[in-house]
Every structure is written in C-alpha cells, then in structure tokens.
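Novice: could you work out the structure for the sequence below:
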Amino acid sequence: MAFRDAALSFEMVSRTSVGREFTARRRVRLGDATPNGRLRLDALARYLQDVSNDDTRVSEWSDPHWWVVRRTVVDVHEFPKYMEEIDLVTWCGGLGSHWAERRTQLLALDGRVLVDAAALWVHIDQDTMQPSRVPDDVVETLTESSGGRVVGARLLLRDKLFDAARATNSPWPLRFSDYDAVGHMNNAAYWEIVEEHLAEHRDLRAPLRAVVEHVVQVDPGQNPVRQSVIVDNELDLQLTENDTMHSAMWCGVLS
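Specialist: Numbering: from 1, shown residues only. Next up, the predicted model:
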C-alpha cells in the first residue's frame, strides 16, 4: 500500500505533563455512536475540534478563530462506548513558524488512554487566507508544553505514489450539513469517509491508526470522487475532483 509506511512513520509524541494543558469531560451520546455502541470517528473529530476551540477561548489567544486543520492522526487503542464518560486532555506537541501541533488524549475515568490524536493546525491571515506567523502570545503560551519540539507542515500522504490504476472510484455526495460556518466542508465530515470504511470492514478495529490530510478545501457545489484502494482491510484513499486532490487518507492496523 502506497501510504502505509508514511502513515506509520508519524511520531505520536508522549504527554509531557508540563506547561499548559486543558481538560474537558464528555459523555458519548446517542448521535456519536454506531449501532454497536462505539464512538464514531467523525464524532471523535468533532470532539477534537470542540476541545481545541474551548482551550483557545479560555486561554484568551489574540485570534482563536483563524486556524485551519492540515492533518489529523488518530491512534485508537480502545473505542469509547455509548454513554461512557471520558476526559479529553489537550496540549501543544510542537511548534513551527506558521503552525502548531495539538495533541489530545481521550482518557477513561480510570486513567486509561483510549485514543491518541495529533492535529496540525495552520495559522492563517484573516484577510489573505494564507499561512501567517503564529502570534507571539500563542508561542509564549505553548512553548513550555511543546518541550521545544519543532514540527513541519509537510504532508505525509500527498506526495506518495497513489495506485490510481487499482482504485475503485465512487462519487461522494455532499450534504448541506457537511459545511460549516466558514463555508467549507467541515473537518469532521471527511472522517465520515473513513468511518464508512470501518463499517464495511468489521474486523478492522482497535488498535488502529487513521490519517486524514487536507490539501484543497471542498466548497459548495463541488462533486468530489472517492478513489480507494483496499488491501487486507487497509485503506488508501484520495478525495478528488478532476485534477484536484482535496484530501488523502489512510487507515490500518496500528503496529
């Protein structure tokens, strides 16, 4: 599989427990769970967005809104269950000039790590919508918890050789509810594609790793196509329209 080595090479850095951390408690509700009662990946993505937003607002960043997700890596060690209470603990896993890595863990109330997640958030200029330097007050807030770790913004999957000749192509119809207040397809909606893969491959369960990378946003009126290569329940996928790749994804067993 083209994406496997790149996806598994990603380093999920350990929690340092120093510097700023933010914790929120959630209960897995009816709309978050599959018919079998496990937390869905798209619901998990919403949890990650929500705790990120709560953290930035509480910490009173100079501009809490002008950040976009470039990549999210999720390691599911054990799926949270319907009606289970979990703690979400988030901190900075690394900094770059125009971006930062947000690490988040979903913990059972007994302290077990159920899910590890790392999201690369890029800071953008609200006028040009281009990447811009991370504000000084944000750097000051996050430096200690990052431990001085420097992260880059290069995507893991985009430049890897995708075997389009072996891919199965199918349209991915978009709904009004897939778009958010920014006017683009919301980050969590991309994870519905990976969740559909899990629904079709019931023997692919934790421990697993899934990666979603965002290349070009999906706007209203577009008609993307899901190009997928599946071998031994392992997923390589690109979401494309004509010659534009909007997103690349991988999902497989966590080594």
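
Novice: measure residue 185 to residue 174 for me?
Specialist: Note on residue 185: its distance to residue 174, by CB to CB, to the nearest Å, is 7 Å. The C-beta positions use only the backbone N, C-alpha and C, and glycine is treated the same way.

Novice: does the closest residue to residue 13 other than its chain neighbours lie in a helix or a strand, and which?
Specialist: Closest residue to residue 13 apart from its sequence neighbours, by CB to CB, 6 or more residues apart in numbering: residue 93 at 5.0 Å. Here residue 93 sits within strand 85-95, counting by DSSP states H and E.

Novice: buried residues, that strand. List them.
Specialist: By neighbour count with 16 or more other CB atoms under 10 Å, strand 85-95 contains the buried residues 86-95.

Novice: before we move on, what about stretch 94-113?
Specialist: 94-96, 99-107.

Novice: for the residues you listed, give me CSV that also has pLDDT.
Specialist: Shown next, in CSV, are those (pLDDT from 0 to 100):
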residue, pLDDT
94, 97
95, 97
96, 97
99, 96
100, 97
101, 98
102, 97
103, 98
104, 98
105, 98
106, 98
107, 98
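
Novice: now the common contact residues for residue 185 and residue 174.
Specialist: Taking CB atoms under 8 Å, 6 or more residues apart in numbering as the contact rule, residue 185 and residue 174 both touch residue 218.

Novice: what's the local residue count around residue 192?
Specialist: 16 (other CB atoms under 10 Å).

Novice: change the start of the numbering to 311 and stick with it
Specialist: In the new count, where the first residue is 311, that last one comes out as residue 502.

Novice: grab the nearest non-local neighbour of it.
Specialist: residue 352 (4.6 Å).

Novice: show the contacting residues for that neighbour.
Specialist: 498-499, 501-502, 505.

Novice: tell me if it really is in a strand.
Specialist: No - assigned with DSSP: H, G, I helix; E, B strand; the rest coil, residue 352 falls outside any strand and is helix.

Novice: what pLDDT does the model give it?
Specialist: Looking at residue 352, its pLDDT stands at 98.

Novice: relative to residue 493, how far out is it?
Specialist: To residue 493, residue 352 is 19 Å away according to CB to CB.

Novice: who's more crowded, residue 495 and residue 484?
Specialist: residue 495 (24 against 17).

Novice: so what's that one bridging to?
Specialist: residue 489 (DSSP bridges).

Novice: same thing with residue 519?
Specialist: residue 385, residue 562.

Novice: could you give the number of residues near residue 459?
Specialist: Residue 459, neighbours per other CB under 10 Å, totals 15.

Novice: er, residue 522 actually
Specialist: 26.

Novice: what does the pLDDT read for it?
Specialist: 98.

Novice: that one contacts residue 499, correct?
Specialist: No - counting by CB atoms under 8 Å, residue 499 is not a contact partner of residue 522; they are 10.4 Å apart.

Novice: ok, residue 369 - contacts?
Specialist: Counting by CB under 8 Å, 6+ apart, residue 369 touches 330, 332, 451.

Novice: narrow those to those in strands?
Specialist: Mapping the contacts of residue 369 onto strands (DSSP state E) picks out residue 332.

Novice: any of the contacts of residue 369 buried? List them.
Specialist: If we count by 16+ other CB under 10 Å, the contacts of residue 369 have these buried: 332, 451.

Novice: can you list the contacts of residue 369 in CSV and add distance to residue 528 and pLDDT?
Specialist: CSV is the format used below for the contacts of residue 369 (distance: CB to CB, whole Å; pLDDT from 0 to 100):
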residue, distance to residue 528, pLDDT
330, 33, 95
332, 29, 97
451, 32, 92
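
Novice: out of the contacts of residue 369, who's nearest residue 548?
Specialist: Closest approach between those and residue 548, by CB to CB: residue 332, at 33.7 Å.

Novice: what number of residues lie near the nearest residue to the closest one once chain neighbours are set aside?
Specialist: By the measure of CB to CB, 6+ apart, the closest residue to residue 332 outside its immediate chain neighbours is residue 365, 3.9 Å from it. Neighbours of residue 365 under the rule other CB under 10 Å: 23.
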